[in-house]
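**Student:** below are the sequence and a predicted model; questions follow.
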Amino acid sequence: MTIRVLIVDDQAMVREGFSVLLNAMDGIEVVGEAVDGREAIEQVAALRPDVVLMDIRMPRMNGLEATREIVAADTDAKVLVLTTFDLDEYVYQALRAGASGFLLKDASARQLADGVRVVAAGEALLAPSVTKRLIVEFSKISEARKLADPAGVGELTERETEVLVLIAQGLSNAEIADRLVVAESTIKTHVSRILVKLGLRDRTQAAVYAYETRLVTPA
């Protein structure tokens, strides 16, 4: 199945460059471009892409606001945030708003394509150390860490809590299954139940939740 991608950036050269790189990759097709967050929302509704490559700092409507609206609209599109800064405060806010991960704009063509495939498959792009560092740093200072009802973790079974911790550490389903010596399908079931019980959209929000509730703490 071909992964349909929408590229959102206010710089034409960036959009064109990413479009050329991704269209050259097997199984990926760039179906549209947008110059700001407002146009991105309109294009998501019209084109129904699988993945949105979202810049943050744009005029008229930034990527953070657009991500919130796209997620609130309950579309199937996954948002992959693009940024020049690996510790941009807005990136952390975008992850909390529902983005499935982020990449630096200087990522290689292969990293870009792999990132698109990862989030399209429903995984969180948490493996790169810079991503985990970002979540840790901003979970320290975010007011959102003071959750009104952190007791939601208490609804999880012991095994589900264990899986949530491993998700926050950046492990994939296959890696978690290997760690716990169970079938990968079993882990997928645990992940689905965790998301439902905690009212979360995806693995990225689950990881942020784990940090914010101090279930996982920075080393």
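**Tutor:** In hand now; what should we look at? Keep in mind that this is a model prediction, so the values were computed, not measured.

**Student:** pLDDT wise, what is the residue located most distally from the centre of the chain at?
**Tutor:** Distance from the C-alpha centroid of the chain peaks at Val181, with 26.6 Å (Cα atoms, centre = their mean). pLDDT, Val181: 94.

**Student:** ditto for Ala127
**Tutor:** On the pLDDT scale, Ala127 gets 44.

**Student:** same question, the one 5 residues further on
**Tutor:** In the prediction, the pLDDT value recorded for Lys132 is 57.

**Student:** just Ala113 next, same as before
**Tutor:** On the pLDDT scale, Ala113 is placed at 92.

**Student:** list the buried residues for whatever helix or strand Ile187 lives in?
**Tutor:** According to DSSP states H and E, Ile187 maps onto helix 184-198. By neighbour count with 16 or more other Cβ atoms under 10 Å, helix 184-198 contains the buried residues 187, 190-191, 193-195, 197-198. (Glycine included, C-beta is placed from N, CA and C.)

**Student:** hey, where'd the helices end up in this structure?
**Tutor:** Along the chain, counting by DSSP state H, helices occupy 12-23, 37-47, 63-72, 89-97, 109-120, 129-141, 158-168, 173-180, 184-198, 203-212.

**Student:** and the contacts of the shortest one?
**Tutor:** The one in question is helix 173-180. Helix 173-180 has contacts (Cβ atoms under 8 Å, 6 or more residues apart in numbering) with 123, 159, 162-163, 166-167, 171, 183-184, 186-188, 191.

**Student:** what comes up buried for that helix?
**Tutor:** 173, 176-177, 180.

**Student:** remind me which residues of the chain are low pLDDT?
**Tutor:** For the chain, the stretches flagged by pLDDT under 70 are 85-91, 124-152, 217-219.

**Student:** count the neighbours of the closest residue to Asp55 other than its chain neighbours for me.
**Tutor:** Of all residues not flanking Asp55 in the chain, Asp9 sits nearest, at 4.1 Å (Cβ to Cβ, 6 or more residues apart in numbering). Neighbour count for Asp9, taken as other Cβ atoms under 10 Å: 25.
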